[in-house]
Structure formats: structure tokens, C-alpha cells
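Engineer: here is my input, please return the structure:
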Amino acid sequence: MPRLLGNRRRLLQSLACSLALVVGAGPALAADRALKILVGFPAGGGTDAIARVLADKLKDELGSTVIVENKPGAGGQIAAQALKVAPADGSTVFLSHDHTISILPLVMKNPGFDPARDFVPVAGFATFVNAFGLSGGTPAKSLPDYVAWVKKEGAGKGVVGVPAPASVPEFLVKVLGDKYQLDLVAAPYRGSAPMITDMLGNQIAAGVASVPDFIENHRAGKLRIVAVLGDKRQPALPEVPTLGELGIKGFEDVPYYAFFAPAGTPRAELDRFSAALAKVVAQPDVRERLGGMGLAVGFMPQDQLIARERAYAKTWAEIIRTSGFQPQ
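Structural biologist: Residues are numbered from 1 along each chain as shown. Below is the predicted model:
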């Protein structure tokens with residue numbers, strides 16, 4: 001009997017130690033869980049490059065693996081739909097800019113998601129501007145040169161690539177066509193990367209995309225950024241005029257980059273990610289790399305992001321309404 005009692009005591013002690021190890025490992029196990037960052041555009045594009053810069057740093061701050069998962073197509077719509085059905089446990093976030101969150105719900109009757117109902121804003125980290133670019137084979141060196149060239153050459157030269165249909169770039173093409181009485185045709189792509197590939201191959205003469213999408217090829221002399229949106233010249237492109245300087249108004253409001261999570265994600269998980277992101281974007285090397293891509297880096301906590309998104313959506317709702325565009 002003493003031997004049986006001793007064995008039972010040792011068994012209970014062993015179980016207690018095992019339970020203590022499991023309980024003690026809880027936070028570590030949670031930290032080791034992989035985080036998935038959804039990106040709605042192809043690998044090789046500006047948004048993808050930004051996601052990978054942040055992912056590399058977030059893994060250290062979060063103490064876990066961070067995976068960038070590209071789900072390109074439909075201007076980020078596919079990735080947004082994936083976020084809608086993702087587990088609301090802090091394991092998935094969506095890195096998005098203005099188009100998917102603010103513009104798509106204004107131009108589509110049924111995008112397959114409702115940002116206000118299906119997502120929760122986490123935090124923002126930068127603003128940026130779009131730009132008008134010309135392929136290397138286009139003889140024009142400026143936007144006025146391009147206008148004169150299209151008027152002279154006529155049909156076939158007015159095709160302008162845009163990263164997604166019914167996007168800010170597409171509305172810009174329409175405004176430019178109306179202003180200069182040009183037969184400009186917006187050619188939608190599945191993201192900026194394939195559009196820029198066609199520009200580099202001189203398959204199309206011009207395109208509209210974000211400065212982060214264009215800037216490396218601009219610096220390499222493979223294409224030329226000839227105008228930027230926004231209310232001031234960009235530090236990364238001080239020689240490039242704004243559309244306002246060229247007499248084209250209405251494109252002064254600048255879009256944003258931010259992270260979103262599935263609705264219902266616990267507050268603690270949102271705060272944990274937000275705190276990690278704030279530390280990452282405060283790092284000098286991150287600010288330098290993102291700034292070199294044409295971003296104005298600045299952390300936006302949830303309340304500021306919500307206000308920024310609402311203001312941007314309000315501005316574009318009016319622009320879309322006055323353009324006569326009908327949601328499709």
C-alpha cells in the first residue's frame with residue numbers, strides 16, 4: 001500500500017508539472033502563431049514590396065512568423081473577400097490602400113464585402129500619391145508633350161494603363177481626356193505589376209499608378225513620371241510637377257496605406273499588432289526605405305485611421321457622383 005501511494009503521489013506531481021508547463025507556454029505558443037498579411041495585388045508591385053518590408057520587421061516585434069500572401073485581382077477585391085471569411089483571432093490582417101476600402105464600395109453595387117460591417121481598422125502607417133507615367137519609348141518628356149503627341153499621332157496612342165477598373169487612376173484618365181479633348185482609353189490591369197511590364201515593353205505609352213509602383217523604374221530611366229497627384233511635390237520626386245501646377249484640379253487629397261482585420265477580432269490582438277506596427281514604422285531604416293518608395297510615413301492609430309478613411313471616401317463619393325459614373 002505505501003508503494004501504491006508513493007506511485008500515485010509521483011504521478012500527480014508529474015501531471016501537475018506537465019500542466020504548469022502547458023499553462024506557462026500559453027503566451028509563447030500564441031506568439032509563435034504565424035501572422036498572415038493579405039495583399040490584393042501581385043508580387044513585384046509597390047504594395048507587395050511595402051508589405052515585405054514591414055513583414056520582415058514585424059516578425060521581430062511580434063515574435064512570430066509573418067507571411068505575405070498575395071491574392072491579386074479585381075483591385076484588391078479578392079483579398080478583401082478572403083479577409084471577410086478569415087478567422088477573427090488576430091492571425092490574419094489585410095494591408096490595403098484607399099482603392100479597396102474607400103473606392104470599391106462606391107463604384108460597385110456588390111463588391112462582396114462591406115468594410116464597415118466585415119472589417120475593423122487596425123492602424124495606418126503612410127500616405128502616398130498616384131502619378132502619371134510614360135513608357136521609355138514614348139517621345140514625350142512631360143504631360144503637355146504627351147498631350148501634343150497624342151493629338152498628333154491620333155488613334156491608338158491614347159491607351160493609358162490603370163491598375164484596376166473604376167479606380168482613381170481610371171477617373172484621372174477620364175478627366176485628362178475631357179480637359180484636353182483627347183480620345184484617351186483606360187486599360188484596366190490586374191494590378192500595377194503587369195501594367196508596368198507592358199509599359200517597359202512599350203506595349204502601352206502611358207499609365208497611372210502609385211509613386212511606389214513607378215519610382216524604381218523612373219530612377220532607372222526605364223519610364224518617366226511626368227506628374228503627381230496631391231497638393232505638393234513629392235520629396236522623392238522634387239522635379240516632377242503636381243497636376244494642380246499643370247492646371248488640373250480635384251486630385252489634391254492623398255490616399256493612405258493601412259491594416260484591417262476581420263470584424264470581431266479581439267481588442268487585445270488589435271492592440272498587440274498596432275503597438276508592433278508603431279515600433280516598426282518608427283525605425284529609421286524602415287522610414288528611409290518606405291520614404292524612398294515615395295511614401296510619407298506616419299503612424300495612424302485606429303481613431304485617426306477611421307477619420308482619414310471617412311474623409312477620403314466622402315471626397316471621392318462627390319467626385320464619382322459629379323463624373324456621372326454609375327455603380328456596376
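
Engineer: mind giving me the packing neighbours of the helix or strand containing Ala187?
Structural biologist: Ala187 belongs to strand 185-188 when assigned by DSSP states H and E. The contact analysis (3 or more CB pairs under 8 Å, 6 or more residues apart in numbering; DSSP states H and E) places strand 185-188 against strand 159-162, helix 168-180. All C-beta atoms are positioned from the backbone trio N, CA, C, and that covers glycine.

Engineer: can you pull out the strands in the stretch 1-150 of the chain?
Structural biologist: 35-39, 66-70, 92-97, 119-127, 130-135 (DSSP state E, counting those that start in this stretch).

Engineer: and the second one, which residues are buried?
Structural biologist: It stands for strand 66-70. Val66, Val68, Asn70 (16 or more other CB atoms under 10 Å).

Engineer: looking at these, which one is closest to Gly247?
Structural biologist: Distance to Gly247 across these (CB to CB) is lowest for Asn70, with 38.1 Å.

Engineer: ok, that closest one to Ala51 distance?
Structural biologist: Separation of Asn70 from Ala51 (CB to CB, to the nearest Å) stands at 9 Å.

Engineer: need the residues touching each of these two.
Structural biologist: Here Asn70 and Ala51 share the contacting residues Val39, scored by CB atoms under 8 Å, 6 or more residues apart in numbering.

Engineer: hmm, who's touching the strand holding Ala187?
Structural biologist: Contacts of strand 185-188 (CB under 8 Å, 6+ apart): 158-165, 167, 169-170, 173-174, 195, 204.

Engineer: mind giving me the ChimeraX command for buried ones among the residues you listed?
Structural biologist: Of the contacts of strand 185-188, the buried ones go into a single ChimeraX selection, burial set by 16+ other CB under 10 Å:
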select :158,159,160,161,162,163,164,165,167,169,170,173,195,204
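
Engineer: widest-spaced pair of the contacts of strand 185-188?
Structural biologist: Gly158 and Ala164 (19.3 Å).

Engineer: from Asp178, how far out is Arg321?
Structural biologist: Taking CB to CB, one finds Arg321 at 16 Å from Asp178.

Engineer: likewise Pro115?
Structural biologist: 30 Å.

Engineer: just want to know which of these two has more residues nearby.
Structural biologist: Neighbour totals were compared for Pro115 and Asp178, and Pro115 leads with 22 against 11 (other CB atoms under 10 Å).

Engineer: quick one, what contacts Ala80?
Structural biologist: Shown in contact with Ala80 (CB under 8 Å, 6+ apart): Gly40, Phe94, Ser96, Thr100, Ile101, Leu104, Pro111, Gly112, Phe113, Pro115, Phe119.

Engineer: that should have said Val150, apologies.
Structural biologist: Counting by CB under 8 Å, 6+ apart, Val150 has contacts Lys157, Gly158, Leu182, Asp183, Leu184.

Engineer: top of the residues you listed by neighbour count?
Structural biologist: Neighbour-wise, the contacts of Val150 (other CB under 10 Å) top out at Gly158, 23 neighbours.

Engineer: grab the nearest non-local neighbour of that one.
Structural biologist: Leu184 (4.5 Å; CB to CB, 6 or more residues apart in numbering).
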